[in-house]
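Student: Return a 3D structure for these sequence lines:
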Amino acid sequence: MNKMRGNAMTSETEALTLIKEKDYGTPAVHALNNKTVTLEIDGREVTVPEGTSIMRAAADLGIMVPKLCATDHLDPFGSCRLCLVEIEGRRGTPASCTTPVAPGIKVTTQNDRLAKIRKGVMELYISDHPLDCLTCAANGDCELQDMAGAVGLREVRYGYEGSNHVFARQNGEKNDMWQPKDLSNPYFQFEPSKCIVCSRCVRACEEVQGTFALTIDGRGFASHVSAGMDEDFLKSECVSCGACVQACPTATLIEKSVVEHGQPEHSVVTTCAYCGVGCSFKTEMQGERVVRMVPYKDGGANEGHSCVKGRFAFGYATHKDRVLNPMIREKITDPWREVTWDEAIAYAADRLKAVQAKYGKGSIGGITSSRTTNEEVYVVQRMIRAAFGNNNVDTCARVCHSPTGYGLKQTFGESAGTQDFKSVDKSDVIMVVGANPTDAHPVFGSRMKKRLR
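Tutor: Presented below is the predicted three-dimensional model:
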């Protein structure tokens, strides 16, 4: 997490802004034989891979079709009915997220008819949603709020007199539709009254994490998100990976750190300091305080996913006991003394030189951890070879991964990994030897489970 701290410090000289990643609505498609389709959207021509959704093709043109149930890390679902479009020559208003492109079609994403439909759909959503935006933890980071603005919603014709999930009591009677807030999980909370039943959390648990801890229970207006057998999140099969929290478009599922501190003001991309997968995160902060960790979609290792440790166990980064400045001492019996970086580096250099002068050039070596980045490993070996003049460098990976390296060397002629994580998505056979990926490297384990499904 030193990397997090270092990046955070350098960001002070830059504009303090939140990194916003574009959501294309549906996943990218890689067509067989690189086939492409050319179509027209709002009078503009676009060419995309065969099988691409109309929503994503529009996003490629910079046209963002309103949506609530769609997001580009989940398969299209088509439940919110907000992304409706018109296609010349076709009847009805199909959902752009589930409708694939076709050669030569002409699509309209904005006109009076579509605007009226979308506004009506949004009225229905808001008629069963708390109007506490100013005090809501997601205020300013709520897709429902954004979409209400995007469709121009100014009033809701439907009141709360009928059935709803918003109030604990209705007309003086107990409201059986209402469910209390679930605070059982230590990292995030679940507030059912704010749920719009878009199923994004359920789909994230299934498609991204592969735990299947969530489901939609009930039918019709009684439908609601259920953890396990309609139990608390903590008692269910939930592994607290946070994929559901990241997928939620409202404040139904939200980090407790955001509830406590409010919305972050700026972010910095960093690397997780736990296991060797090397997940990328957006560290979202208020000043120097970390508010939350959001998996980075452009991260080659995790591509927007994470485990419980990477996403939620960031408290040590700003813990009061964390050492923030260098300290030295003459003997182990002496107390630590805080010094400047220049003094600490000079002190270490003098001591290391004294060791070499007394015991010879080969008396100093460097050992790196397999949890460090390739760049850090390179810097250590460079220092040993250039500054200390010997080749006494090693890494713990040579010991704990020596059987793996030997097998790879004999089989492929190279002892290093020959594939990236994405290759698992196309693997027909995955052999696991002496490892437990779902526990030791959860994000990679999730990719394996996804491929097995």
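Student: Would you mind listing where this structure has pLDDT under the threshold?
Tutor: 1-15 (pLDDT under 70).
Student: Geometric centre of it: which residue is closest?
Tutor: Against the mean C-alpha coordinate of the chain, by Cα atoms, centre = their mean, the closest residue is P295 at 3.1 Å.
Student: Show me where the stretch 101-250 of the chain has its helices.
Tutor: 112-126, 143-150, 200-204, 243-247 (DSSP state H, counting those that start in this stretch).
Student: cool, the stretch 301-450 of the chain as well?
Tutor: 308-312, 341-359, 374-382, 396-400, 402-412, 437-440, 442-452.
Student: In a markdown table: these, plus distance to T108.
Tutor: All C-beta atoms are positioned from the backbone trio N, CA, C, and that covers glycine. Formatted as a markdown table, the helices of the stretch 301-450 of the chain follow (distance: least, Cβ to Cβ, whole Å):
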| stretch | distance to T108 |
| --- | --- |
| helix 308-312 | 40 |
| helix 341-359 | 61 |
| helix 374-382 | 49 |
| helix 396-400 | 56 |
| helix 402-412 | 53 |
| helix 437-440 | 46 |
| helix 442-452 | 36 |
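Student: can you tell me which of those comes nearest to F167?
Tutor: Closest to F167 of the helices of the stretch 301-450 of the chain, according to Cβ to Cβ: helix 308-312, at 31.3 Å.
Student: now stretch 204-221, how far from the centre of its chain.
Tutor: The chain centre lies 18 Å from the centre of stretch 204-221; the measure is Cα atoms, centre = their mean, to the nearest Å.
Student: Please point out which parts of it sit buried.
Tutor: For stretch 204-221, the buried set under the neighbour-count rule, 16 or more other Cβ atoms under 10 Å, comprises 204-211, 213-215.
Student: Looks like P76 contacts S53 (just checking).
Tutor: Yes. Using Cβ atoms under 8 Å, P76 is in contact with S53, at 5.9 Å.
Student: which residues do those two both contact?
Tutor: Common contact partners of P76 and S53 (Cβ atoms under 8 Å, 6 or more residues apart in numbering): 25-26, 97-98.
Student: Need those residues in JSON lines (columns: secondary structure and neighbour count).
Tutor: Output for those, formatted as JSON lines (DSSP: H, G, I helix; E, B strand; the rest coil; neighbours: other Cβ atoms under 10 Å):
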{"residue": "G25", "secondary structure": "coil", "neighbour count": "25"}
{"residue": "T26", "secondary structure": "coil", "neighbour count": "27"}
{"residue": "C97", "secondary structure": "coil", "neighbour count": "28"}
{"residue": "T98", "secondary structure": "coil", "neighbour count": "17"}
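Student: on that earlier part again, now the helices of the stretch 101-250 of the chain as JSON lines including distance to S236?
Tutor: Listed next are the helices of the stretch 101-250 of the chain as JSON lines, based on distance: least, Cβ to Cβ, whole Å:
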{"stretch": "helix 112-126", "distance to S236": "26"}
{"stretch": "helix 143-150", "distance to S236": "25"}
{"stretch": "helix 200-204", "distance to S236": "12"}
{"stretch": "helix 243-247", "distance to S236": "11"}
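Student: right, so of those, which gets closest to E265?
Tutor: Of all the helices of the stretch 101-250 of the chain, it is helix 143-150 that lies closest to E265, at 18.3 Å by Cβ to Cβ.
Student: which phi and psi does S415 have?
Tutor: Here is the backbone geometry of S415 (degrees, to the nearest 10): phi -80, psi -10.
Student: Quick check: the gap between it and H401.
Tutor: Distance check for S415 against H401: by Cβ to Cβ, to the nearest Å, it reads 9 Å.
Student: for F312, same thing?
Tutor: 28 Å.
Student: Between those two, which is the more surrounded one?
Tutor: Relative neighbour count places F312 above the other of F312 and H401, with 22 against 17, counting by other Cβ atoms under 10 Å.
Student: from what I can see that one touches V245, true?
Tutor: No. Applying Cβ under 8 Å, one finds F312 not in contact with V245, separated by 9.4 Å.
Student: Phi first, then psi, for H73.
Tutor: When quoted as degrees, to the nearest 10, the phi and psi of H73 stand at phi -110, psi 10.
Student: Tell me how many other residues crowd it.
Tutor: Counted with other Cβ under 10 Å, H73 comes out at 21.
Student: I'd say it and V208 touch.
Tutor: Yes. H73 is in contact with V208 according to Cβ under 8 Å; the separation is 6.5 Å.
Student: Common neighbours of the two, please.
Tutor: 247, 305.
Student: quick revisit: okay, P76 and S53: which has more neighbours?
Tutor: Using other Cβ under 10 Å, the more surrounded residue of P76 and S53 is S53, with 27 against 24.
Student: So Q209 sits against C238, correct?
Tutor: No. Counting by Cβ under 8 Å, Q209 does not reach C238; the two are 9.3 Å apart.
Student: circling back to that earlier point, dump the shared contacts of P76 and S53 to CSV, plus distance to A115.
Tutor: Below are the shared contacts of P76 and S53 laid out as CSV (distance: Cβ to Cβ, whole Å):
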residue, distance to A115
G25, 19
T26, 22
C97, 18
T98, 21
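Student: Spit out the contact partners of E284.
Tutor: For E284, the contacting residues are 18, 264, 266-267, 290-294, by Cβ under 8 Å, 6+ apart.
Student: just curious, which of the residues you listed is nearest to F281?
Tutor: Nearest to F281, judged by Cβ to Cβ, of those is M293 at 4.7 Å.
Student: Contact partners for the closest one?
Tutor: With Cβ under 8 Å, 6+ apart, M293 has these contacts: 281-284, 306, 310-312, 314.
Student: most surrounded residue in those residues?
Tutor: S306 (29 neighbours).
Student: Would you mind measuring from it to S446?
Tutor: Counting by Cβ to Cβ, the gap from S306 to S446 is 9 Å.
Student: Spit out the residues that contact these two alike.
Tutor: Both S306 and S446 are in contact with C241, where contact means Cβ under 8 Å, 6+ apart.
Student: right, and the helix or strand after the helix or strand harbouring S267?
Tutor: Per DSSP states H and E, S267 falls inside strand 266-271. Going down the chain from strand 266-271, the next helix or strand is strand 280-286, by DSSP H and E.
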